[in-house]
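Q: Would you be able to build a 3D model of this:
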Amino acid sequence: MERIAVYCGASVGNQEVYQKITTELGQWLVEQNLGLVYGGGKYGLMGILANQVLDLGGDVIGIVPKNLADMGTILERLDDVRVVPDISERKLEMLRLSDGCLALPGGPGTLEEIVDAFSWMRIGDNLKPCAFYNVNGYYNDLQAMFQTMVNNEFLTQTDFDKLLFSDSLAEIYQFMDTYVPPVIDIKG
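A: You can find the predicted model right below:
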């Protein structure tokens, strides 16, 4: 693994733990010699994460949709910023440049991006692991919803097992480092 795509918000949330784990994630990425691919923003958890990685001498690539770039959201100190036409292109570019996908606690955009990556895995368009950094039980309800999908046979247990919910960076690394993409079996 060389780079991890991290999906996170342009806000910091209402609990200090989210900022703390974002800083720890930045340090962990540098310690593991993993580059960061992220949304390119300077605000919220995005800014905290990118600044931490840069402060520690790590590699950061920011992928920013043109409309957000035009609003001045780009972290100015980034050496590698790639402006793309829209969010759809950002998602594709982040997947192309990364070896795994990780969601920090965040809002609808964070959720959409990681769920898209997981959904694309199920049809063979993404062969990279997807994980939720489930700090403070933030994603417990979502994990339960995925299990409901399995229970109602809208998602196979095999596919669900290819998605990790964890509050342990060591477990996330192990999951990503040993990940084997699923065999694609689409049923009508």
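Q: quick one, strands of the chain?
A: 3-7, 35-38, 60-65, 81-84, 101-103, 130-133, 163-166 (DSSP state E).
Q: how about a markdown table for these, with mean neighbour count added?
A: Every residue, glycine included, has its C-beta placed from N, CA and C. Output for the strands of the chain, formatted as a markdown table (neighbours: other CB atoms under 10 Å):
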| stretch | mean neighbour count |
| --- | --- |
| strand 3-7 | 26 |
| strand 35-38 | 25 |
| strand 60-65 | 23 |
| strand 81-84 | 17 |
| strand 101-103 | 26 |
| strand 130-133 | 26 |
| strand 163-166 | 20 |
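Q: Redo those as a markdown table? Include mean pLDDT and distance to Gln15.
A: Converted to a markdown table, the strands of the chain look like this (pLDDT from 0 to 100; distance: least, CB to CB, whole Å):
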| stretch | mean pLDDT | distance to Gln15 |
| --- | --- | --- |
| strand 3-7 | 98 | 18 |
| strand 35-38 | 98 | 21 |
| strand 60-65 | 97 | 25 |
| strand 81-84 | 97 | 30 |
| strand 101-103 | 98 | 17 |
| strand 130-133 | 98 | 14 |
| strand 163-166 | 98 | 18 |
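Q: Including distance to Met149, could these go into TSV?
A: Listed next are the strands of the chain as TSV, based on distance: least, CB to CB, whole Å:
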stretch	distance to Met149
strand 3-7	20
strand 35-38	28
strand 60-65	29
strand 81-84	31
strand 101-103	17
strand 130-133	15
strand 163-166	11
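Q: To Asn152, which of those strands lies closest?
A: strand 163-166 (16.7 Å; CB to CB).
Q: just checking, Tyr18 touches Leu104?
A: Yes: at 7.4 Å, Tyr18 and Leu104 qualify as touching, with contact defined as CB atoms under 8 Å.
Q: Neighbour count: these two, which is higher?
A: Set side by side, Tyr18 and Leu104 show more neighbours around Leu104, with 27 against 23, by other CB atoms under 10 Å.
Q: and the more buried one, what is it in contact with?
A: 6-9, 18, 21-22, 25, 45, 49, 110, 133, 135 (CB atoms under 8 Å, 6 or more residues apart in numbering).
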